[in-house]
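A.B. asks: Below is the sequence, then the predicted model.
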Amino acid sequence: MLKHVISANDNVVKNKSRKMRIFDYARSGLREALLARIEEPEISIEELRRIVHRNILRAIVAGEVIEKNPHNEVEQALELMMHRLLLFDSAPLIGFKRRSDEYIMMIDRLQPLLLDGARQYGAPDLIVRNGSRLCLVRLSMEIPRRTPDEATKLELGSMLLWAERNPLIKNEPEDIDVVRIGWLGTRWVKWMHRASRNWSNQSRSMISMDIEQMARLMMFEGDFKKLPAASSNWRCLNCPFNADCH
């Protein structure tokens, strides 16, 4: 029985659903530190370390971590993220950081887009001007492969939907590049693909279907055991409901 679905209004379940692993909060802190570094190149390493450290400690104090003894893993997570941060700073593929600030615009990822009556969060992390072309950049703190699969590519296309509705962006899709910079194993890698109106339309269709399926699930009154389960066990490794879902 899926207890976290059946008891969706239970406060205990709601609190548990917010919990993640230490390294998830460390990666979130890393993203915040990377953006701070891009926005203010002269910021000290000590301040960047504090940004990552603060994000981890906040989650622990709020009781939002899965680990029973989270303080034992704080230092390891912090050092790992700082290693990644320093490699990002020296990676040759992040060439736009060396340009004038006028080439780069920081975007608030929590800036929603209203799509089919629902709030959709598809804003890029950065907009980078590259001559006559515009780069919509998404920073990913961990990726499974250099080239995104089809589902991930459609998700990245949500940045195009955001751009279409932004009155400050005049570029047509054909003049936009979608860029993902992500951590892959031991290094930062960049994937870039020229945008198209077809890609934008496909992303919109995927998001619309997701919204429709979520609406159906909210009204679901059938047998929860008949709902599709995860296809692989690894998808459940970091789920806070792993012990309760059977």
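C.D. replies: Here it is on my side, so go on. Numbers count the residues shown, from 1 in each chain.
A.B. asks: and the longest helix for this structure?
C.D. replies: Counting residues, the longest helix found in the chain (DSSP state H) is helix 197-218.
A.B. asks: Tell me which residues are up against that helix.
C.D. replies: 115-118, 120, 122, 151, 153-158, 160-161, 164, 173-174, 178 (C-beta atoms under 8 Å, 6 or more residues apart in numbering). (Glycine included, C-beta is placed from N, CA and C.)
A.B. asks: go on, stretch 24-32?
C.D. replies: So stretch 24-32 is contacted by 51-56, 58-59, 64-65, 77-78, 80-81, 84-85, 125, 139, 141-142, 238 (C-beta under 8 Å, 6+ apart).
A.B. asks: Just the ones in helices from the residues you listed, please.
C.D. replies: Short answer: these in helices (DSSP H) are 51-56, 58-59, 77-78, 80-81, 84-85.
A.B. asks: Which positions in the longest helix of the chain come out as buried?
C.D. replies: Under the neighbour-count criterion of 16 or more other C-beta atoms under 10 Å, helix 197-218 has 199-200, 202-204, 206-207 buried.
A.B. asks: Same question for stretch 152-170.
C.D. replies: Result for stretch 152-170 [16+ other C-beta under 10 Å]: buried residues 152-164, 169.
A.B. asks: right, and out of the residues you listed, which lies closest to Q111?
C.D. replies: W162 (7.9 Å; C-beta to C-beta).
A.B. asks: Check which helix or strand that closest one maps to.
C.D. replies: helix 158-164 (DSSP states H and E).
A.B. asks: tell me the contacts of the residue nearest the centre of the chain?
C.D. replies: Residue closest to the mean C-alpha point of the chain, counted by C-alpha atoms, centre = their mean, is S140 at 5.9 Å. Residues near S140 by C-beta under 8 Å, 6+ apart: 180-183.
A.B. asks: now the residues you listed as a markdown table including pLDDT?
C.D. replies: A markdown table is the format used below for the contacts of S140 (pLDDT from 0 to 100):
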| residue | pLDDT |
| --- | --- |
| R180 | 95 |
| I181 | 94 |
| G182 | 94 |
| W183 | 96 |
